[in-house]
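Visitor: Provide a 3D model corresponding to the input given below.
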Amino acid sequence: MSRLTSLKISVSGVRGIVGQSLTPQLVTAFAAAFGSYAGRGPVLVGSDTRPSRHMVAQAVTAGLLSTGAEVVDLGICPVPSIQYMVARTKAFGGIAITASHNPIEWNALKFIGPEGLFLNQFRAEEVLDIYHQGEFRRVSDAEVRGVRRESGACAVHRDGILKYVDRDAIARRKFRVAVDCVNGAGAVATPALLEALGCEFTAIHTSVDEPFPHSPEPVAENLQDLVRVARQIGVDIAFAQDADADRLAIVSATRGAIGEEYTVALAVKQVLKRAKAPVVVNLSTTQLVEDIASAAGVEVYRAKVGEINVTEKLLAVNGAVGGEGNGGVIIPAIHPCRDSFAGMAVILQLLAEEGKSLEEIIDGLPRYAIVKRKTACPSERVFRVLRRIEEAFGAGAVVDRSDGVRLAWKRKWLQVRGSNTEPIVRVFVEAPDEEEARQLADKALEEVKRLAE
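Guide: Numbering: from 1, shown residues only. Coordinates of the predicted model:
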């Protein structure tokens with residue numbers, strides 16, 4: 001991959017391959033741009049467990065200090081914990097050093113505003129303007145501030161989650177749980193949370209100094225180790241996190257990986273028991289959420305893909321819960337960000353209150369099959385791909401062009417969109433029948449590939 005194609009600069013932050021497109025000079029410049037934007041106050045910095053974290057963190061620190069910011073070093077820290085701490089400590093902002101589900105050779109900077117939320121498009125563009133114009137604030141040696149180390153972020157975040165759920169109800173069930181932390185940031189926090197919830201748990205891949213044991217994206221093909229452990233132990237439920245612990249997948253001891261879509265659906269089902277308020281999910285999330293919300297008598301809003309888009313809509317409509325279909329649960333009463341730890345806690349409470357097994361709860365929900373595909377596509381060709389998809393497949397559909405193109409029919413939908421973080425196009429199809437979903441996804445993917453060449 002060339003230096004150009006491996007570098008992604010967008011409102012989502014900056015992402016690239018370490019040693020190729022993501023260099024110390026680039027990282028320092030972006031950190032200086034963010035420091036110039038955020039102001040001369042504390043900025044929290046945390047990272048996932050990639051080997052490059054040391055180099056990237058040093059470069060981030062240098063860039064921030066050069067603008068007069070105070071750096072608060074959280075060390076290895078899950079992204080939702082960084083976001084939670086930014087808000088609770090009234091910091092000026094935060095930088096999360098993580099490439100999330102991308103391979104280990106990648107790394108990235110994600111910028112967090114003072115509310116503990118990722119920057120929206122308008123704020124992110126301000127940072128990008130500072131970077132591109134090189135208009136950094138510089139301070140003299142007397143104004144350079146220090147680095148303060150803070151090791152309690154995960155504990156503070158955990159306490160916030162425990163205040164939200166009924167810990168005693170969960171603990172009484174003595175759930176047997178397995179979890180795959182993928183040697184990522186979740187390894188520093190997940191065992192303590194499960195212990196606090198009274199679970200008997202087995203945690204695998206918890207060494208933060210070892211490489212990822214498999215691709216860090218928590219999808220079925222990467223969860224075979226967890227599936228094996230779950231079956232051996234006969235767990236009540238098993239969880240898998242990605243490298244920065246904002247996404248959560250679920251594994252059944254008898255059925256294996258049940259799909260990321262159920263993570264948000266089950267969380268929504270539980271939260272709506274106590275809060276009859278709107279639900280917000282992105283346009284790529286399962287229709288199952290709408291069925292659950294309808295049964296609870298609440299409205300569902302759809303937002304563009306991207307955590308901040310869902311979060312801002314949640315706050316605007318005073319929503320109770322939301323998320324993204326890739327396993328990102330957002331509960332504003334804890335903190336309005338994707339949070340695998342909050343997801344684990346509320347889903348365990350669902351099992352405790354229902355008095356049913358995971359499999360029984362799933363069997364009581366409407367059935368859908370969701371198929372996801374992706375293929376490489378240069379960004380300059382995405383528009384013509386979307387136009388052609390609408391022409392080829394849009395007959396009789398309700399069309400939404402707010403995020404790529406989404407074509408919805410009764411109990412079936414197709415979405416094709418360009419990725420915000422990679423030079424690829426994603427295809428999503430959901431239908432009641434798996435074969436129907438696969439056929440439509442394959443046809444759409446074939447059309448995308450033809451136009452992307």
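Visitor: excluding its backbone neighbours, what's nearest Glu436?
Guide: Lys412 (7.3 Å; C-beta to C-beta, 6 or more residues apart in numbering). Backbone N, C-alpha and C define where each C-beta goes, glycine included.
Visitor: go on, Ser357?
Guide: The shortest distance from Ser357 to any non-neighbouring residue, by C-beta to C-beta, 6+ apart, is to Asp236 (7.1 Å).
Visitor: Report the rounded mean pLDDT for stretch 384-392.
Guide: The average pLDDT within stretch 384-392 is 95.
Visitor: tell me the domain ranges of this structure?
Guide: 8-151, 156-363, 369-452 (automatic domain parsing).
Visitor: From one end of the longest one to the other, what's the distance?
Guide: Okay, so that is domain 156-363. Between the opening and closing residues of domain 156-363 there is a gap of 36 Å (C-alpha to C-alpha, to the nearest Å).
Visitor: Repeat that for stretch 329-347.
Guide: Using C-alpha to C-alpha, the two ends of stretch 329-347 sit 10 Å apart.
Visitor: still on that earlier bit, now the domains of the chain as CSV including mean neighbour count?
Guide: Formatted as CSV, these follow (neighbours: other C-beta atoms under 10 Å):
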stretch, mean neighbour count
domain 8-151, 21
domain 156-363, 21
domain 369-452, 17
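Visitor: just for the stretch 351-453 of the chain, where's the confidence low?
Guide: The model of the stretch 351-453 of the chain has pLDDT under 70 over residues 421.
Visitor: Which parts of it are strands?
Guide: Counting by DSSP state E, counting those that start in this stretch, one finds strands in the stretch 351-453 of the chain at the ranges 369-376, 398-400, 405-409, 412-418, 424-431.
Visitor: With distance to Arg338 added, can I get those in TSV?
Guide: TSV is the format used below for the strands of the stretch 351-453 of the chain (distance: least, C-beta to C-beta, whole Å):
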stretch	distance to Arg338
strand 369-376	18
strand 398-400	22
strand 405-409	21
strand 412-418	18
strand 424-431	18
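Visitor: closest one to Gly16 among those?
Guide: Closest to Gly16 of the strands of the stretch 351-453 of the chain, according to C-beta to C-beta: strand 424-431, at 15.2 Å.
Visitor: For that closest one, which helices and strands make contact with it?
Guide: Contacts defined by 3 or more C-beta pairs under 8 Å, 6 or more residues apart in numbering; DSSP states H and E place strand 424-431 against strand 369-376, strand 412-418, helix 434-452.
Visitor: beta partners of the residue nearest to Ile97 when sequence neighbours are not counted?
Guide: What sits nearest to Ile97 in space, not counting adjacent residues and going by C-beta to C-beta, 6+ apart, is Ser47, at 3.7 Å. According to DSSP bridges, the residues that bridge with Ser47 are Ile76, Ile97.
Visitor: could I get the helices and strands packed on strand 424-431 as JSON lines with distance to Glu115?
Guide: Output for these, formatted as JSON lines (distance: least, C-beta to C-beta, whole Å):
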{"stretch": "strand 369-376", "distance to Glu115": "31"}
{"stretch": "strand 412-418", "distance to Glu115": "27"}
{"stretch": "helix 434-452", "distance to Glu115": "37"}
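Visitor: what about the ones you listed, which gets the closest to Cys154?
Guide: Nearest to Cys154, of all the helices and strands packed on strand 424-431, is strand 369-376, at 31.0 Å by C-beta to C-beta.
Visitor: and the angle from that closest one to strand 424-431?
Guide: 170 degrees (axes from the mean of the first three to the mean of the last three C-alpha atoms, to 10 degrees).
Visitor: give me phi/psi at Leu315?
Guide: Backbone geometry at Leu315, expressed as degrees, to the nearest 10, gives phi -70, psi -40.
Visitor: Could you pull up the contacting residues of the closest residue to it other than its chain neighbours?
Guide: The shortest distance from Leu315 to any non-neighbouring residue, by C-beta to C-beta, 6+ apart, is to Pro336 (6.2 Å). By C-beta atoms under 8 Å, 6 or more residues apart in numbering, the residues touching Pro336 are 116-117, 311, 314-315, 330.
Visitor: where do the helices sit along the stretch 1-150 of the chain?
Guide: Applying DSSP state H, counting those that start in this stretch to the stretch 1-150 of the chain gives helices spanning 24-38, 53-65, 79-88, 121-133.
Visitor: As TSV, those helices with mean pLDDT and distance to Ala437 would be great.
Guide: Listed next are the helices of the stretch 1-150 of the chain as TSV, based on pLDDT from 0 to 100; distance: least, C-beta to C-beta, whole Å:
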stretch	mean pLDDT	distance to Ala437
helix 24-38	98	40
helix 53-65	98	39
helix 79-88	99	31
helix 121-133	96	32
